[in-house]
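Q: let me see the structure of the following:
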Amino acid sequence: MSSNPMGSMFAPAATPPWLPREVAEGRRFAWWGQMMFFIMAAFWLIIGIVLVTLGTVHSNTGQLVTGIFGFFAMAICFVAAVFEKKTVIDAIDQGRFHDAKNDSIIWILFGLFGFVLPSLFLILTYAKLGDSLAQQAPPGYSPYAPGTVTVQQPQYVPPPAPVQPMPQAPPPGQPAQAQAYHGHQTPMVRCKNCNVQYPQFMHSCPNCGAPKEG
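A: The predicted structure follows:
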């Protein structure tokens with residue numbers, strides 16, 4: 001199946017029959033907005049060519065600058081026409097009315113480069129989509145009024161202190177001195193001179209200074 005690049009740029013004028021009445025009217029206004037973008041792009045292209053030519057021939061800087069701006073405005077209107085279809089008209093055809101309503105605001109601003117004509121149609125699109133979304137709201141739904149909702153800041157709660165394990169008593173019949181490790185399980189040795197236990201990694205007894213044997 002061959003693809004038509006022009007068909008991907010121009011939105012079809014036919015409105016899907018399943019659209020609600022307000023949305024269908026908004027889509028028609030959006031279609032006219034795209035047509036205005038294309039018409040204004042062609043208009044700016046002609047203006048740009050004429051003024052750049054006259055400015056070059058007559059060495060008129062004002063005409064040359066205005067002609068360059070015409071090419072810039074032409075590019076803006078053309079890009080806006082293509083992406084308005086993708087973000088507004090296609091979104092309406094896919095049932096994404098809320099997305100189409102929000103994205104139409106962007107192209108209202110870009111429509112200022114087309115002598116406000118595309119913006120007028122897109123403002124009507126925005127209004128029609130807003131009316132349709134309001135009618136689809138559940139009965140009794142009312143959004144919060146500004147300033148009536150307060151957000152509570154989360155309060156810091158310190159974590160509970162760790163519970164120290166209770167020391168376990170030695171098994172019956174085994175003296176406490178037989179435990180060769182302290183709380184961190186460090187190997188201990190007993191001094192042959194003063195009978196004091198000290199860590200195995202030390203080379204001499206910290207109590208009497210006798211060297212470690214073995």
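Q: could you pull up phi and psi at Pro211?
A: phi -70, psi 150 (degrees, to the nearest 10).
Q: what about the strands in this structure?
A: Using DSSP state E, the strands of the chain run over residues 188-190, 197-199.
Q: export these as JSON lines, with columns for mean pLDDT, distance to Ala75 and mean neighbour count.
A: For glycine as for every other residue, the C-beta is placed from the backbone atoms N, C-alpha and C. Below are those laid out as JSON lines (pLDDT from 0 to 100; distance: least, C-beta to C-beta, whole Å; neighbours: other C-beta atoms under 10 Å):
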{"stretch": "strand 188-190", "mean pLDDT": "81", "distance to Ala75": "83", "mean neighbour count": "15"}
{"stretch": "strand 197-199", "mean pLDDT": "76", "distance to Ala75": "80", "mean neighbour count": "15"}
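Q: quick one: closest of the ones you listed to Cys205.
A: strand 197-199 (5.8 Å; C-beta to C-beta).
Q: now do the closest one: everything it contacts.
A: The contact list for strand 197-199 (C-beta atoms under 8 Å, 6 or more residues apart in numbering) reads 186-191, 205-207.
Q: what strands flank it, and is each parallel or antiparallel?
A: Applying DSSP bridges to the sheet, strand 197-199 is found paired with strand 188-190 (antiparallel).
Q: and the strand it pairs with, how far out from the chain's middle?
A: 63 Å (C-alpha atoms, centre = their mean, to the nearest Å).
Q: try stretch 29-38
A: 29 Å.
Q: related to what we said a few turns ago, nearest to Ala91, of the strands of the chain?
A: Smallest distance to Ala91 across those (C-beta to C-beta): 73.8 Å, for strand 197-199.
Q: quick one: the residue lying farthest from the centre of the chain and Glu213, what's the gap?
A: Going by C-alpha atoms, centre = their mean, the residue of the chain most distant from its centre is Asn193, 73.8 Å out. Per C-beta to C-beta, to the nearest Å, Asn193 is found 9 Å from Glu213.
Q: ditto for Phe78
A: With C-beta to C-beta as the criterion, Phe78 and Glu213 are 94 Å apart.
Q: do Asp93 as well
A: Distance, Asp93 to Glu213, by C-beta to C-beta: 92 Å.
Q: tell me which of Phe78 and Glu213 has more neighbours.
A: Using other C-beta atoms under 10 Å as the criterion, Phe78 and Glu213 rank with Phe78 on top: 18 against 10.
Q: just give the nearest non-adjacent residue to that one, would you?
A: Ala41 (4.2 Å; C-beta to C-beta, 6 or more residues apart in numbering).
Q: what does Asn193 give?
A: Spatial nearest neighbour of Asn193, excluding adjacent residues (C-beta to C-beta, 6+ apart): Ala210 at 4.0 Å.
Q: ok, Lys192 next?
A: Nearest non-adjacent residue to Lys192, counting by C-beta to C-beta, 6+ apart: Glu213, 5.8 Å away.
Q: quick check: that neighbour touching Gln200?
A: No: at 11.7 Å, Glu213 does not count as touching Gln200 under the criterion of C-beta atoms under 8 Å.
Q: so who does the closest residue to Glu84 other than its chain neighbours touch?
A: Excluding the flanking residues, the one nearest Glu84 by C-beta to C-beta, 6+ apart is Trp107, at 4.7 Å. For Trp107, the contact set (C-beta under 8 Å, 6+ apart) comprises 33, 37, 80, 83-84, 87-88, 118-119, 122.
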